[in-house]
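# Structure for this input, please:
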Amino acid sequence: MLSRSRPYLTRRRLSAVLDHVATAPDEPLLFLYPSWFTSLPAHRRSSLTRNPSLNSSRQYHRPSKRGSNVSRLPPQSSTGSHSSRHITSSSIAVGRRGLDRETTTPAAKPEASQRSPLHQPTSENTSRSTPPRVRSLAALSSISPRDKKKLQYRQSELDNTRKNQQKTIEGRWKDQAAVFERMLRMNRAIPASAPLKSNQLELYLREETIAEFAGLVSRGENIFYRHVYHGCKVHVKPLSESVGMCRRVILEGRPAAVEEVKKELLEIGTLQDEYDPVVDMRKPVVPIYPRVDRRIHKDIPLVRGTWDMPKDPTEFTVDQIVRQGELLATVRDFTHHVEDLVASWPNSKEQPGKHGADVADALETLFLKSAHTELISTASLNQALSFLLERKQYWIAHQIFRSAKHVATVETFNMMLKSTALEQNLKRFRSLLHGMENLGIRADVETWLAYADCFVSPSKKMAVVNSLRQRGMLQETTLQRTALRAVLHDLLVEHLHDGGDMNSFLEKIARDWDSTMWSPSMVNQMMCAVMRVNHLKARDQLFQFCRQNGLRIEPYTFLLLVGTCNKGNILQALQYMYQTMEDPARELTIAGWTRLFLHAWHGGYYNICRVIWRYACMRGHAASRIAERVYESLLHEAGPETTFRRAVAARLVLGIDLGTPRPTVAGRFYKLKGLPADYSADPVKYLCIQVDPKERNNQLNVSEAILARDMDVARFYKPQVSFRAMLDAATIVDLEWKELAREKALAREGALTLEWMRDNIIQVKLLPHDRKDEKKKKQQQQQRWRRR
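Purely as a prediction, here's the structure:
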């Protein structure tokens, strides 16, 4: 009987075999249910089948086949309304698709949210609390933007790992525990200070003597080699080991080489004492102390340093500096050459975005050249790596680091560890620690903070930072502020969730962390945390705190604030801009201009749109999104009596210098092909008339030409009135227009027409732009100060 029945249940009706199957009253037909239901205990299944909402009139279909390695769906809760317990075929299919997607995607382990006194993350704890999939960004909405970026890197790295080899997430967290154990072992095995070896010699030299020998772009720890005889390693120790005005220097090598380098260094110091003109780096009139805290209580007036500026500075492009690098002969020349490359000008003004890639290629060629191996120093290496890591040139940075590892110090490794923590690459992180151990470099506080940066969970980061505080490793102000920046966002989010406000949080930080100096980066971290929690009172208190202390809020925070505004609420967006920027025309980024324009566009503030469009074009920040929105409006045909907002907007915005009178004759270089002669005095007027269908294509071509012309010709002008003053005036006019439109609507009169608005639109006064004077002024402002 069963063999003659259908082997499956169709979607629209049940098979007749059910009439011949005998079951107990409380026993479900297991083959009718998804596989997750069959895995439930018997009492759980009976409670579900007795639910009146799951009656026999509903139809189900058989779940699709799945492999044995696919995990089952978790049981759904039986609580809630009856409508939420309906199990339809579509919901099962959607759940199955989501399950397949989850099981094929590797999951990152979110750290336990509970606070624990343990400072070591164990794989057992993390594996128990791991959900089937890594927490989405929406679920972790309160974390900082940097941690969100780390989550994205982590997911990408896990995807690549799953493609290359089957590595479980439990093994990944065992790696993190291994990293912790390795760092502890390094601190125990490597002594903080070691006695001098038989082939080492200790010297104490002034700062200017070292600068004459190896260049001076950084006053940190420095290692370089002097290739005399069989070579001599010169190791300039950190500032903490200096004595008086002298830095501690260790020479290492064969006795003849050490003696030769010692003689050369002492001779340079003698020439500097005699103010010999042969020496470029002369002895300063004011003595230089490496550490200020050594003299701060001795009633001696302190000066930060002696600086000079070239009288006629000349800026070079990357290609020009690369050609000068063919004659490098000393460590000092190599260091200054790297400094010039990092501070160079772009090769092409038309493509300034390629500047970072050009410098990265030049640095790669410079450091990987075998003839330059003996010229590399720690100062030049750190400067190159800092530039590359800041611009996310990770591959080139690791290539250079591997080739110059012989001069790496703990500062160099910390730079690489921080970037690796951001990339969430634990394999490379552990490899870097292995390199530190082989070179005998002891992990410092910055290394532990880089390890804390590997985590996304606030509790794990706080565990590492609290451990450092308990061991007294955060006594220095700089280190304490670095640790505070690592956990500031999470501390503020937790404080606001507990019912606190911004004023009490600032008092708490000043009391617990002894920090009363707030940098702009820390203020922006707090603003990001406030906006993530959406605590309006704390936001206003932070604004007041910034105004009272003269703290600047960075452009990214402005974008975050504008993103919280409702669509079209340009007035609130402008209020945020006034609170965060002193000179909006100079401080706004391309993304900022775009956000403001789109808010004004959606809100129907035509005068504000007109002002933003023209000032953005003059600054060269008219993004493609703005141009696309204007072009979409031009596709709608409009006449003098048109009131349709999408058709009216672009015709009120375009024409930066079209019409009468023109401020300059710059427009003569931009001919509008196809424009009728009758509209040569006011080409925008040609876009405001309805033409025959045959002439419509020509009208669209003219509108495209005017749009492109506005973006090109704007560089010949500069505004006569400041951007903020024009925005204030445009806001007043737009509010008057909206009030007038409201009165007309109440009186059942016609809306504002295109012709009326063009006659009453705000005028942006322009002046001719003298490019030569502007270039000279820009060069004067960009003169770089250099320490000689």
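
# where does the stretch 401-550 of the chain have low pLDDT?
Residue ranges of the stretch 401-550 of the chain with pLDDT under 70: 515.

# same question, the stretch 151-300 of the chain
Using pLDDT under 70, the stretch 151-300 of the chain drops low at 152-176, 217, 291-300.

# got the contact list for the most centrally placed residue in the chain?
Nearest residue to the geometric centre of the chain (Cα atoms, centre = their mean): Arg146, 6.9 Å. If you count contacts by Cβ atoms under 8 Å, 6 or more residues apart in numbering, Arg146 has them with Leu422. Where you see a C-beta, it was placed from the backbone N, CA and C, and this is true even at glycine.

# helix, strand or coil for it?
helix (DSSP: H, G, I helix; E, B strand; the rest coil).

# Ala329 versus that one, what's the distance?
The gap separating Arg146 from Ala329 is 43 Å, by Cβ to Cβ, to the nearest Å.

# thought Ser521 was touching Arg485?
Yes - the pair Ser521 / Arg485 is scored as a contact, 6.8 Å apart, by Cβ atoms under 8 Å.

# Have a look at these two and say which one is more surrounded.
Neighbour totals were compared for Ser521 and Arg485, and Arg485 leads with 14 against 11 (other Cβ atoms under 10 Å).

# Sticking with that one, tell me its helix or strand.
Using DSSP states H and E, Arg485 sits in helix 477-497.

# so which helix or strand takes in the residue lying closest to Arg485 once chain neighbours are set aside?
Nearest residue to Arg485, sequence neighbours excluded (Cβ to Cβ, 6 or more residues apart in numbering): Met522, at 6.1 Å. Assigned by DSSP H and E, Met522 belongs to helix 520-533.

# which helices and strands does that helix pack with?
Identification of packing neighbours for helix 520-533 by 3 or more Cβ pairs under 8 Å, 6 or more residues apart in numbering; DSSP states H and E yields helix 477-497, helix 502-512, helix 536-549, helix 555-563.

# how is the protein carved up into domains?
2-67+85-104, 200-294, 574-776 (automatic domain parsing).

# can you give me phi and psi for Ser680?
Phi and psi for Ser680, reported as degrees, to the nearest 10, are phi -70, psi -30.

# Contacts for the helix or strand hosting Lys694, please.
In the assignment (DSSP H and E), Lys694 maps to helix 693-713. With Cβ under 8 Å, 6+ apart as the test, helix 693-713 has contacts from 613-614, 617, 622, 627, 630-631, 634-635, 637, 650, 654-658, 666-667, 669-670, 672-675, 683-684, 686-687, 691.

# Quick check: next helix or strand after that helix?
Once helix 693-713 ends, the next helix or strand along the chain (criterion: DSSP H and E) is strand 717-719.

# mean confidence score for that next one?
When pLDDT is averaged along strand 717-719, the result is 87.

# Give the buried residues for the following helix or strand past it.
Once the chain leaves strand 717-719, the next helix or strand it forms, by DSSP H and E, is helix 723-746. Buried residues in helix 723-746, counted by 16 or more other Cβ atoms under 10 Å: Phe723, Arg724, Met726, Leu727, Ala729, Ala730, Thr731, Val733, Asp734, Trp737.

# List just the nearest of the residues you listed to Gln470.
Among the buried residues of helix 723-746, Arg724 lies closest to Gln470 (Cβ to Cβ), at 49.9 Å.

# Let's see the pLDDT reported for the closest one.
Predicted confidence (pLDDT) for Arg724: 93.

# How about it: what's its closest non-neighbour residue?
Pro584 (6.1 Å).

# quick one: contacts for the one you found?
Counted by Cβ under 8 Å, 6+ apart, Pro584 has contacts Met577, Tyr578, Phe723, Arg724, Leu727.

# measure it to Gly603 for me?
When distance is defined by Cβ to Cβ, Pro584 is 18 Å away from Gly603.

# do the same with Ala452
Distance from Ala452 to Gly603, counting by Cβ to Cβ: 44 Å.

# Quick check: phi and psi on Ile250?
phi -110, psi 120.

# er, Arg206 actually
phi -70, psi 160.

# Next up, the contacts around it.
By Cβ under 8 Å, 6+ apart, the contact list for Arg206 reads Met245, Cys246, Arg247, Gly269, Gln272, Lys283, Ile288.

# How about Gly356?
Neighbours of Gly356 in contact, by Cβ under 8 Å, 6+ apart: Arg391, Gln393.

# so what does the strand or helix carrying Glu259 touch, helix or strand wise?
Per DSSP H and E, Glu259 falls inside helix 255-273. If you count contacts as 3+ Cβ pairs under 8 Å, 6+ apart, helix 255-273 packs onto strand 200-206, helix 207-214, strand 222-226, strand 232-236, strand 246-253.

# and the first one, C-alpha only, in PDB?
Yep, that's strand 200-206 we're talking about. Presented in PDB, the C-alpha positions along strand 200-206 are these (Å, rounded to 0.1, in the frame of the first residue of the first chain):
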ATOM      1  CA  GLN A 200      80.800  46.600  22.400                       C
ATOM      2  CA  LEU A 201      81.800  50.100  23.400                       C
ATOM      3  CA  GLU A 202      79.700  52.700  25.200                       C
ATOM      4  CA  LEU A 203      79.800  56.400  24.300                       C
ATOM      5  CA  TYR A 204      77.800  59.500  25.300                       C
ATOM      6  CA  LEU A 205      77.300  62.000  22.400                       C
ATOM      7  CA  ARG A 206      75.400  65.200  22.000                       C
END
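
# Tell me the buried residues in that strand?
Leu201, Leu203, Leu205, Arg206.

# circling back: quick check: which of the helices and strands packed on helix 255-273 is buried the most?
The highest average neighbour count among those, using mean count of other Cβ atoms under 10 Å, belongs to strand 222-226 at a mean of 24.

# Parallel or antiparallel, list what pairs with that one.
strand 232-236 (antiparallel) (DSSP bridges).

# quick one: secondary structure of the closest residue to His636 other than its chain neighbours?
Spatial nearest neighbour of His636, chain neighbours left out: Ala647 (3.6 Å); criterion: Cβ to Cβ, 6+ apart. Here Ala647 is recorded as helix under three-state DSSP.
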